[in-house]
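*Asks:* Below is the sequence, then the predicted model.
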Amino acid sequence: MAAFRLRPSRAWLPLASAMLAGAALAGDKIPTPEGAERLQALLAQLMRSGGGPPPVTVKAVGADYVVTADLGALTSLLGEDRQSSFEPPALVLRAREQDDGLWRIEENSFPKITTRSEDASARFEVGSYRQTLLIDPNIFWWRSGSASAEKGVLSLQGPDFVESFEFGKANADYATTVRADQSLSTTVKEEAGDIDFRFAAVTKDREPRTASGRIEKIAFNVGADGLKPAKILALWKILSAPRATLPEHETELKDALRDLTAPGFKFVEGVEALRVMVASPYGAVSLGGAKVALGVANLGPDSAIDAAISAEGLSLPVALAPPGAADLTPSKIDLAATFKGFDIAAAAKAAIDHMKVGEDGPAISDEDGSKVAAALLGSGPMRLEISPSHIVAPAVDAEIEGSFSYTHGKSSGAVTVRMRNFDKTMTAVRALAPEIQLKAIPALALAKGLAKTDGDGRLSWLVEVNEDRSIKVNGIPLGQMP
């Protein structure tokens, strides 16, 4: 579904515009041919054409600098081996310096894109596309911006499948603030409505399969803290040089990489969908709403990865569950966890230190790869922390939280499970098929016997796993894990 996301204009344009504005055009509100030439030269540094015509041209036209990007040439520079066509073949942007020193970048259309590979083709089209960015030359990035589209479609086709995704009105907002250390905190928020999708395929046994669905609204939120656009630009300029010259710039390259991978960078992304309906060969699936979030923080030895998922209003077709399992099918899920005990910055430093620049073969040998892994894990232990999480079904109301650690090949941890109306759960299990009851009822009876009753009437279990794999439930030994 990410195909219709309204991304800011190519990163090279904000960076290049900011660089030029800060260096040569501060206070120059009227575009000049000389200013266009300087911007053209800067873009040529960022996108080396190998002696061919420049993929991007700049002209001073009226009150604007008009930037025209040959999309076919840019695709070739990126090394794409797919055949791509664009209608129109060029992307046109307008740049203007404002009285406050910010640069306004406008894009008023998006080309229809068609790609073909050996056995598949794709088409992406957006209607009535508009985008505006305000570039601050002092931070080499945008301060704010917005984008919108009336509709869009992505279609994919291969020998045995056809897929299509269509969406209605979409919009996006961009914002940036400067932190005390002069790095940036930037966010992108995007929404699209009325998403329809269809899928048809033929299995290897030549049996047809189809599915279709609709999402009322989907939203994306992306954020980065500790962003350093000037450092990114410096790195890109080094990497855009011919590969044969990279060894000459090894010190610059590694210094730039060390700057970008130092502790302090955080990245988060979230997706939210509202009212999802899917028609499948097994029946209809519906979901009132769902959220997924992922975060990665490079904080040296305090680095962490966070993940969370929630869903409610889930309805599954009868064919996907055993007979009588409706009361045990979750209607609401809230799960969250954090992974800690590793050092992203140390691993990045080790990789950069051992990296071989411009040589044939892998950039990092197997032996050095082991050193990178050791730096990532540090002294340990790695930890998985389960935040208070909740699962609800008509006959299930369970909460879980706890943590586990792993070091030197051994794991240990504890998790607490709490359940309301446990007898209702057992009754629902007794409605399942006899073969399922035969396995589940004895286990549930044992669990009830081991449970403690909390003050609010819930049953609870503290499950502990020790490094020797021995298990205790509420302090009672239960042997060892297999």
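*Replies:* Structure received.
*Asks:* helix, strand or coil for the residue nearest to residue 265 when sequence neighbours are not counted?
*Replies:* Leaving aside its sequence neighbours, residue 265 sits nearest to residue 226 (CB to CB, 6 or more residues apart in numbering; 4.0 Å). Quick note: C-beta positions are derived from backbone N, CA and C, even for glycine. Here residue 226 is strand, with the state taken from DSSP: H, G, I helix; E, B strand; the rest coil.
*Asks:* what about residue 226, how many neighbours?
*Replies:* Neighbour count for residue 226, taken as other CB atoms under 10 Å: 19.
*Asks:* what's the domain layout of this protein?
*Replies:* Domains of the chain are assigned by automatic domain parsing as 1-225, 389-480.
*Asks:* Show me what secondary structure element comes after the least confident helix or strand in the chain by mean pLDDT.
*Replies:* Counting by mean pLDDT, DSSP states H and E, the chain has its least confident helix or strand at helix 12-20, which shows a mean of 48. On the C-terminal side of helix 12-20, the closest following helix or strand by DSSP states H and E is helix 33-46.
*Asks:* Please name the nearest non-neighbouring residue to residue 422.
*Replies:* Going by CB to CB, 6+ apart, residue 422 has residue 459 as its nearest residue, at 5.0 Å.
*Asks:* looking at it, residue 35 is touching residue 65, isn't it?
*Replies:* Yes: counting by CB atoms under 8 Å, residue 35 touches residue 65, with 6.9 Å between them.
*Asks:* These two: who's more crowded?
*Replies:* residue 65 (25 against 20).
*Asks:* so that one is in which element?
*Replies:* Using DSSP H and E, residue 65 falls in strand 64-70.
*Asks:* Direction included, what does that strand pair against?
*Replies:* Sheet pairing for strand 64-70, assigned by DSSP bridges, gives strand 56-61 (antiparallel), strand 90-97 (antiparallel).
*Asks:* which residues in this structure form helices?
*Replies:* With DSSP state H, the ranges of helices along the chain come out as 12-20, 33-46, 71-77, 229-239, 250-261, 344-354, 366-377, 422-430, 434-450.
*Asks:* Point out the most buried one among those helices.
*Replies:* helix 12-20 (a mean of 24; mean count of other CB atoms under 10 Å).
*Asks:* coming back round to it: out of the strands paired with strand 64-70, which is closest to residue 236?
*Replies:* Of all the strands paired with strand 64-70, strand 56-61 sits nearest to residue 236, with 14.4 Å by CB to CB.
*Asks:* got the angle between that closest one and helix 33-46?
*Replies:* Going by axes from the mean of the first three to the mean of the last three CA atoms, to 10 degrees, strand 56-61 is angled at 170 degrees with respect to helix 33-46.
*Asks:* Report the rounded mean pLDDT for strand 56-61.
*Replies:* Regarding strand 56-61, the rounded mean pLDDT is 89.
*Asks:* And for stretch 211-226?
*Replies:* Average pLDDT, stretch 211-226: 95.
*Asks:* Buried residues in that stretch, which are they?
*Replies:* Buried residues in stretch 211-226, defined by neighbour count with 16 or more other CB atoms under 10 Å: 211, 213, 215, 217, 218, 220, 221, 222, 223, 224, 225, 226.
*Asks:* List the residue ranges of this protein that fall below the pLDDT cut-off.
*Replies:* For the chain, the stretches flagged by pLDDT under 70 are 1-29, 45-52, 75-82, 481-482.
*Asks:* and the residue nearest to residue 422, what are its bridge partners?
*Replies:* Beta-bridge partners for residue 459, by DSSP bridges, are residue 419, residue 453.
*Asks:* now the helices of the chain in TSV, with distance to residue 149?
*Replies:* Below are those laid out as TSV (distance: least, CB to CB, whole Å):
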stretch	distance to residue 149
helix 12-20	19
helix 33-46	26
helix 71-77	18
helix 229-239	26
helix 250-261	32
helix 344-354	36
helix 366-377	41
helix 422-430	47
helix 434-450	50
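*Asks:* Indicate which one of the ones you listed is closest to residue 395.
*Replies:* Using CB to CB, the nearest of these to residue 395 is helix 422-430, at 3.6 Å.
*Asks:* Extract the C-alpha set from that closest one and format it as CSV.
*Replies:* Written as CSV, here are the backbone C-alpha positions of helix 422-430 (Å, rounded to 0.1, in the frame of the first residue of the first chain):
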residue,chain,number,x,y,z
PHE,A,422,-11.2,-17.9,33.0
ASP,A,423,-14.1,-20.3,33.5
LYS,A,424,-15.8,-18.7,30.5
THR,A,425,-12.6,-19.5,28.5
MET,A,426,-12.8,-23.1,29.5
THR,A,427,-16.4,-23.3,28.6
ALA,A,428,-15.6,-22.0,25.1
VAL,A,429,-12.9,-24.6,24.7
ARG,A,430,-15.3,-27.4,25.6
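*Asks:* if we compare the helices of the chain, which one ends up closest to residue 386?
*Replies:* helix 434-450 (18.9 Å).
*Asks:* Show me what that closest one is packed against.
*Replies:* Applying 3 or more CB pairs under 8 Å, 6 or more residues apart in numbering; DSSP states H and E, one finds that helix 434-450 contacts helix 422-430, strand 459-465.
*Asks:* Report all helices and strands that the longest one contacts.
*Replies:* Using 3+ CB pairs under 8 Å, 6+ apart, the elements in contact with helix 422-430 are helix 434-450.
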